[in-house]
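In: generate a structure from the sequence data that follows.
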Amino acid sequence: MDLKKRTIETPEAKPHTIKKFELIEAYVKTWAQKLLNYRNCDGIVFIDCMSNSGVYQDIEDNEVLGTPIRIARYLSTIMQEYPSKKAWLYFNDWSDGKIEVLKARLPQNTSNFTITTSCGDGNDLLKTIAANRSKHPDANYLVVYDPYTASLDWEALTPFFRDIWGEVILNHMVDADSIRGVSQAKNKTAIDKYEKTYLTSIANLRLLGSNRVAYEQRIWEIIKSLKGPVNRKYFIASFPFFNRKNTRVYSLIHCSSNPEGFKLYKKTAWDTFGGKSSAKDTHGMESLLALDFDEGGLKSQTDEYCYFVKDIATHLCDVFNGRKDVTLEEIWNVLDNHPVFPSDGYKDKVKRELRSFHNVKISKQSMTFPERRK
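Out: Below you'll find the predicted structure:
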C-alpha cells in the first residue's frame, strides 16, 4: 500500500463510501433528466455543501472520483442538450486545499452551466443560497448534506424542507458517531453538538442508549416538524450503509414533497445495492427457511437492515390478507408510500414472488390474496 498517494486532500474512500457516491450519482442522473424535460422547470440547482476534494483513493490505491466531480461532469454534458434551461452547482468545503484540488477537476462554466465553489461553513452557504433563492425562482433544488459527524444545522436546512421546491439527501451518522458519542460526551462543545442535532437534551438522548431506530425516528420527527403545514404531504426514505466488517455506519435519508422523487430514490437505492435495500452481507440467511408455527409451514428469514423482493411480497400479503380482487393501483400505492420498498422497476419481480411463494392469484387488473392466520 503506497501511503504517499493518500493525503488530507485525497483521502481513502472505503467501499461503503464509494457505494454512496454511486447512489447519489445514479439518482442525480435520472432526477436531472426528469426535471429538465419538465416544461415548468427553468433549471436545476445542485448543492454539495460539504463536498471534500472530490478525489479519493480506494483500498487498492486506485483513484476514485467523489460526488461533486461525478455530478459536475455529467450535468455539464447533458446541459448541452437543453440550451434553454440552466444548471447551477455549488460546492463547498472547510479546506482551501481540498477546494483547490476539486476546482482542478471540474468542467468549465458555460452560458447555461455554472459552478460556484467556496471555502467555509457549509451551513452558511445554505443560508446564503436560501436567502437569495429569488435568483433561481423556477428552479428545482437538490441539497446533499454530508457532514463528517452527526452535526446537523436545522436552521440552514429548514428552507429546503419548507419553502424551496426541491429535495434533500441527508447523511445521518448515527452509528459512526451518535451511538457512541452521546454516552461519552462530557464537555459543553460535544453536548451542544448532539443537542443541536437532535433538538433535545443530552439526558433524553442518553436514555436512548444504543437504540439506533430511536435516533433515526427522532431525525424523522424533526424533518416532519420543519416541512411546513401539517396537511402538506412529505416523503422520507432511508437506507443504511455497512462497512467491510458488516457494521452499519450511517443512513442516507432522502426528503421530498414530490412523490415522484421519493419513488425514484427508492428504486435507485435498490438498483445500486443489487436488488435489495442495502449492501449488508446477510451470509445467505435470506434463503434459509424456518418453521412458521403460526402458519404451520416454512418461512424465510427477514433482516430489517437488508430487505429483498421476498420481503416486499410478504409485506403485501400482510396488508391485504384474505382480500379478493384488490386493484393493482391500490397495491402499488402501498409500496409507493413505504419508506423503503419500491414499486417502480420491481413490479414484475414482486408479482412473480407473490404468485410462486404466496399463492396469490394475479389478473391484469387485480390480485386475490389467500387468507392467512394472524
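In: can you give me the helices for the chain?
Out: Remark: helices assigned in the chain by DSSP state H are 15-36, 67-78, 96-103, 122-131, 154-162, 179-184, 188-198, 202-207, 212-226, 259-272, 309-319, 328-336, 347-357.
In: please render those as TSV that adds mean pLDDT to the earlier fields.
Out: Below are the helices of the chain laid out as TSV (pLDDT from 0 to 100):
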stretch	mean pLDDT
helix 15-36	97
helix 67-78	98
helix 96-103	96
helix 122-131	97
helix 154-162	96
helix 179-184	95
helix 188-198	97
helix 202-207	97
helix 212-226	96
helix 259-272	97
helix 309-319	97
helix 328-336	98
helix 347-357	97
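In: now render the ones you listed as JSON lines, adding mean neighbour count and distance to residue 248.
Out: Where C-beta positions appear, they are placed from N, C-alpha and C, glycine not excepted. Listed next are the helices of the chain as JSON lines, based on neighbours: other Cβ atoms under 10 Å; distance: least, Cβ to Cβ, whole Å:
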{"stretch": "helix 15-36", "mean neighbour count": "19", "distance to residue 248": "9"}
{"stretch": "helix 67-78", "mean neighbour count": "20", "distance to residue 248": "21"}
{"stretch": "helix 96-103", "mean neighbour count": "18", "distance to residue 248": "27"}
{"stretch": "helix 122-131", "mean neighbour count": "18", "distance to residue 248": "24"}
{"stretch": "helix 154-162", "mean neighbour count": "19", "distance to residue 248": "23"}
{"stretch": "helix 179-184", "mean neighbour count": "15", "distance to residue 248": "9"}
{"stretch": "helix 188-198", "mean neighbour count": "16", "distance to residue 248": "18"}
{"stretch": "helix 202-207", "mean neighbour count": "14", "distance to residue 248": "19"}
{"stretch": "helix 212-226", "mean neighbour count": "17", "distance to residue 248": "7"}
{"stretch": "helix 259-272", "mean neighbour count": "22", "distance to residue 248": "15"}
{"stretch": "helix 309-319", "mean neighbour count": "19", "distance to residue 248": "18"}
{"stretch": "helix 328-336", "mean neighbour count": "16", "distance to residue 248": "24"}
{"stretch": "helix 347-357", "mean neighbour count": "16", "distance to residue 248": "25"}
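In: wait, which of these is closest to residue 85?
Out: helix 15-36 (5.3 Å; Cβ to Cβ).
In: what's the closest one packed up against?
Out: Contacts defined by 3 or more Cβ pairs under 8 Å, 6 or more residues apart in numbering; DSSP states H and E place helix 15-36 against strand 43-48, strand 63-65, helix 67-78, strand 139-145, strand 166-172, strand 235-242, strand 248-256, helix 259-272.
In: chain center to the second one, what's the gap?
Out: What it means is strand 63-65. Relative to its chain's centre, strand 63-65 lies at 21 Å (Cα atoms, centre = their mean, to the nearest Å).
In: show me the chain divided up by domain.
Out: Here the domain parsing of the chain from automatic domain parsing is 3-272, 285-368.
In: mind giving me JSON lines with those and columns for distance to residue 278?
Out: What follows is these, written out as JSON lines (distance: least, Cβ to Cβ, whole Å):
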{"stretch": "domain 3-272", "distance to residue 278": "5"}
{"stretch": "domain 285-368", "distance to residue 278": "5"}
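In: out of those, nearest to residue 279?
Out: Across these, closest to residue 279 is domain 3-272 (Cβ to Cβ), at 5.7 Å.
In: so residue 177 touches residue 147, yeah?
Out: No: in this structure, residue 177 is not within contact of residue 147 by Cβ atoms under 8 Å, at 9.1 Å.
In: can you check which of the helices and strands packed on helix 15-36 gets nearest to residue 284?
Out: Among the helices and strands packed on helix 15-36, strand 235-242 sits nearest to residue 284 (Cβ to Cβ), with 15.8 Å.
In: counting by contacts, list what that closest one packs against.
Out: Where contact means 3+ Cβ pairs under 8 Å, 6+ apart, strand 235-242 is packed against helix 15-36, helix 212-226, strand 248-256, helix 259-272.
In: same thing but at 10 Å, please
Out: helix 15-36, strand 166-172, helix 212-226, strand 248-256, helix 259-272 (3 or more Cβ pairs under 10 Å, 6 or more residues apart in numbering; DSSP states H and E).
In: what lines up beside it in the sheet?
Out: strand 248-256 (antiparallel) (DSSP bridges).
In: can you report how many residues lie near residue 281?
Out: By the criterion of other Cβ atoms under 10 Å, residue 281 has 12 neighbours.
In: and what of residue 113?
Out: Counted with other Cβ under 10 Å, residue 113 comes out at 22.
In: surely it meets residue 81?
Out: No: under the criterion of Cβ atoms under 10 Å, residue 113 makes no contact with residue 81, lying 11.4 Å away.
In: picking up where we left off before, what do residue 177 and residue 147 both touch?
Out: Overlap of the contact sets of residue 177 and residue 147 (by Cβ atoms under 10 Å, 6 or more residues apart in numbering) consists of 197, 250.
In: related to what we said a few turns ago, nearest to residue 102, of the helices and strands packed on strand 235-242?
Out: Shortest distance between residue 102 and these, using Cβ to Cβ, is found for helix 15-36: 14.0 Å.
In: tell me the confidence at residue 165?
Out: Looking at residue 165, its pLDDT reads 87.
In: which residue is the nearest non-sequential neighbour of it?
Out: residue 140 (5.7 Å; Cβ to Cβ, 6 or more residues apart in numbering).
In: tell me how many other residues surround the one you found.
Out: 24.
In: change the start of the numbering to 706 and stick with it
Out: Sounds good: first residue 706 from here, last item residue 845.
In: and the pLDDT at it?
Out: The per-residue pLDDT reported for residue 845 equals 95.
In: tell me the contacts of it?
Out: 736-737, 739-741, 743, 745-751, 869-872, 963, 966 are the contacts of residue 845 under Cβ under 10 Å, 6+ apart.
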